[in-house]
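Peer 1: model this:
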Amino acid sequence: MNQNKENSKKTFDKQAISYDTDIVGEHARNLYAPILKKLKQEEHVGSLLDLGCGTGALLESIFNLNITRQLSGIDLSSNMIEEAKKKIGDNAKLYLGDAENLPFEDSLFDTVICNDSFHHYPSPDKVVKEVSRVLKKGGLFIIGDCWQPAGARQIMNFYMKHSKSGDVKIYSKKEMENLLSKDFGTVLWEHISNTSSLTIARK
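Peer 2: Okay, here's the model as predicted:
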């Protein structure tokens, strides 16, 4: 396993039991509301995959909206998956797996969300291609993730190279647009807070 992935797995295995209340999960929790708002604006959410689903807290919130036909979640951390099972039980199908090699058939999902985990992926281009593969034509991909202005981003990305927590890179608006435009017809990027952005792509 890639070292960044191994570091991510170890980090989130350790954080899983307290992630929903601890400060380390605060940034992810702050992204729930913007993502839920986008989903509620959709006419058809259909079958949804949460990529890097963590403890399942966001999946639970989506389930409570009653806007989906089928919920699924996948995460690299076995401890996170165990926490998610406790939280949402049979209301979602949960998988232990890698975002770069999704264990799903082509054109299976109507919607894929990715909350606060995109900056952990060593090969984001592979993740984007995998998401495009498992999405139906016209499907929606929503990414909520870290953001920083250019100067701070350069400094943080330098230190991320030496990170032991599995962080890889914080992306600029242009970088996100370039990554996604190869496999998606439309890509919209939104700056939603001092430390966060949303990228919405339609296949």
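
Peer 1: for Asp183, what are its contacts?
Peer 2: Neighbouring residues of Asp183 by CB atoms under 8 Å, 6 or more residues apart in numbering: 128-129, 131-132, 203. All C-beta atoms are positioned from the backbone trio N, CA, C, and that covers glycine.

Peer 1: okay, and which of the residues you listed map to helices?
Peer 2: 128-129, 131-132 (DSSP state H).

Peer 1: nearest to Arg69, of those residues?
Peer 2: Comparing the ones in helices among the contacts of Asp183 against Arg69 with CB to CB places Val131 closest, at 18.5 Å.

Peer 1: which one of the contacts of Asp183 is nearest to Tyr19?
Peer 2: Of the contacts of Asp183, the one sitting nearest to Tyr19 (CB to CB) turns out to be Val131, at 23.2 Å.

Peer 1: contacting residues for that closest one?
Peer 2: Val131 touches 51, 102, 112, 114, 141, 183, counting by CB under 8 Å, 6+ apart.

Peer 1: looking at those, which is nearest Gln41?
Peer 2: Phe141 (14.9 Å).

Peer 1: how about the closest one, phi and psi?
Peer 2: phi -120, psi 120 (degrees, to the nearest 10).

Peer 1: for the closest residue to it other than its chain neighbours, give the beta-bridge partners.
Peer 2: Nearest non-adjacent residue to Phe141, counting by CB to CB, 6 or more residues apart in numbering: Ala201, 4.4 Å away. Here Ala201 sits in beta bridges with Phe141, Val187, going by DSSP bridges.

Peer 1: isn't Ala201 right up against Leu180?
Peer 2: Yes. Judged on CB atoms under 8 Å, Ala201 makes contact with Leu180 at a distance of 4.6 Å.

Peer 1: tell me, how many residues neighbour the residue nearest to Phe141?
Peer 2: Ala201 has 26 neighbours, counted by other CB atoms under 10 Å.

Peer 1: could you say what helices and strands the lengthiest helix in the chain packs with?
Peer 2: Ranked by number of residues, the top helix in the chain under DSSP H is helix 3-15. With contacts taken as 3 or more CB pairs under 8 Å, 6 or more residues apart in numbering; DSSP states H and E, helix 3-15 sits against helix 78-88.

Peer 1: buried set for the very next helix or strand once past the helix it packs on?
Peer 2: Next in sequence after helix 78-88, counting helices and strands by DSSP states H and E, comes strand 93-96. Along strand 93-96, these residues count as buried under the neighbour rule (16 or more other CB atoms under 10 Å): 94-95.

Peer 1: now stretch 76-88
Peer 2: 76-77, 79-84, 87-88.

Peer 1: can I get it as PDB, trimmed to CA atoms?
Peer 2: Output of stretch 76-88 as PDB, limited to C-alpha atoms (Å, rounded to 0.1, in the frame of the first residue of the first chain):
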ATOM      1  CA  LEU A  76     -10.000   3.000   3.700                       C
ATOM      2  CA  SER A  77     -10.200   2.800   7.500                       C
ATOM      3  CA  SER A  78     -11.700  -0.300   9.000                       C
ATOM      4  CA  ASN A  79     -12.300   1.500  12.300                       C
ATOM      5  CA  MET A  80     -14.200   4.200  10.500                       C
ATOM      6  CA  ILE A  81     -16.400   1.600   8.800                       C
ATOM      7  CA  GLU A  82     -17.100   0.000  12.100                       C
ATOM      8  CA  GLU A  83     -18.200   3.300  13.600                       C
ATOM      9  CA  ALA A  84     -20.400   3.900  10.500                       C
ATOM     10  CA  LYS A  85     -22.100   0.500  11.000                       C
ATOM     11  CA  LYS A  86     -23.000   1.400  14.500                       C
ATOM     12  CA  LYS A  87     -24.500   4.700  13.400                       C
ATOM     13  CA  ILE A  88     -26.500   3.700  10.300                       C
END
